[in-house]
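Student: A structural model of the following input is requested.
(one chain, ligands or ions: 1)
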Amino acid sequence: MSTDTTRRIAIVTGASRGIGKAIALRLAKDGRHVVLVARSEGPLNDLKAQIEAAGGAASVLACDISDAAGFAKAIEGVAEKHGRIDVLVNNAGITKDGLALRMSDEDWDLVLDTNLKSAFVAIRAAARAMMKGRFGRIVNISSTSGVAGNAGQANYAAAKSGLLGLTKTIAKELGGKGITCNAIAPGFIETDMTANLPAEVKEGVTKLMAIKRLGTPEDIAAAVAYVTSDEAGFLTGQTLVVDGGMLMA
Ligand code: NAI
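Tutor: The predicted structure follows:
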């Protein structure tokens, strides 16, 4: 890993593809050293090479964020190696959709552990280093499903709503230490997660939006770049809905 202690250190989970990859590329472009987290090392190594080829800095941290103890240790390792953690983007997430009445305990637990508990674990592990530096920017990637609910996503919507409560509480607990915590709730973004939805569903959703197109990972990365910037120090406890004007329809 880099021994450069002057750059802000930004951890991005779920960085191997989709929204997380776009966030990592954007934060690296903005001069952060990005710690790339996902389960498998291969795609992260490729992304690290891409970032470095463009003059940026990155390191790879392969781990399963649903393993709370292992994930916490991995984050503590980042603080030890770099001597600081400035930015934490809890982006990694999964879906296991199904109607609530038919949903298994396993699918409930897996989605809650991966999408909600992991964020709590990461914040708890990273906050110490942030407090030492009296600076921190935490962003939890929620979803419009967490703001409004969504049939077929009881587990996912509960986890994503849970992130909003976690966000406000952390904002209150750590605000006095120079640490902000905000949530971003993306609407419909074109990634692997949404790739298999039928064309009619995508068309129907697009019609509901004020901006008549689906979102891109870069749309979300731009919001994360602002919320995690040094100048966003007065913005905390908020949920930024980045959905092309879908929820207000
Ligand atoms: P994606 O499925 O393309 O990528 C998910 C990332 O999370 C991958 O890098 C994957 O390796 C990582 N990941 C999943 N489980 C993991 C685990 N146990 N340990 C480590 N890494 C793990 O998803 P996408 O679309 O990029 O979504 C990113 C975030 O944005 C998720 O939290 C998702 O819920 C949220 N979101 C996505 C929307 C969309 O329309 N695509 C809409 C609203 C929210």
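
Student: Report pLDDT for residue 70.
Tutor: If you check residue 70, the pLDDT there is 98.

Student: Over to it. Which of the three states is it?
Tutor: Under DSSP: H, G, I helix; E, B strand; the rest coil, residue 70 falls in the helix class.

Student: quick one: the closest residue to it other than its chain neighbours from residue 187, how far?
Tutor: In space, and not counting its chain neighbours, residue 70 is closest to residue 63: 5.8 Å by CB to CB, 6 or more residues apart in numbering. For the C-beta atoms, the positions are set from N, CA and C on the backbone; glycine is no exception. Per CB to CB, to the nearest Å, residue 63 is found 29 Å from residue 187.

Student: Kindly report the same for residue 49.
Tutor: 32 Å.

Student: With residue 33 instead?
Tutor: Using CB to CB, we find residue 33 at a distance of 30 Å from residue 187.

Student: what's the answer for residue 216, then?
Tutor: Noted for residue 216: a distance of 11 Å to residue 187, by CB to CB.

Student: More neighbours: those two, which one.
Tutor: Shown here are residue 216 and residue 187; by other CB atoms under 10 Å, residue 187 has more neighbours (23 against 14).

Student: Check the more buried one and give its pLDDT.
Tutor: pLDDT for residue 187: 97.

Student: where does this structure come near the ligand, residue by residue?
Tutor: Within reach of the ligand by CB under 6 Å from any ligand atom, the chain has these residues: 14, 16-20, 38-39, 64-66, 91-94, 114, 141, 143, 186, 188-189, 191-194.

Student: Mind checking which of those residues are in strands?
Tutor: Counting by DSSP state E, the residues of the chain next to the ligand place 38, 141, 186 in strands.
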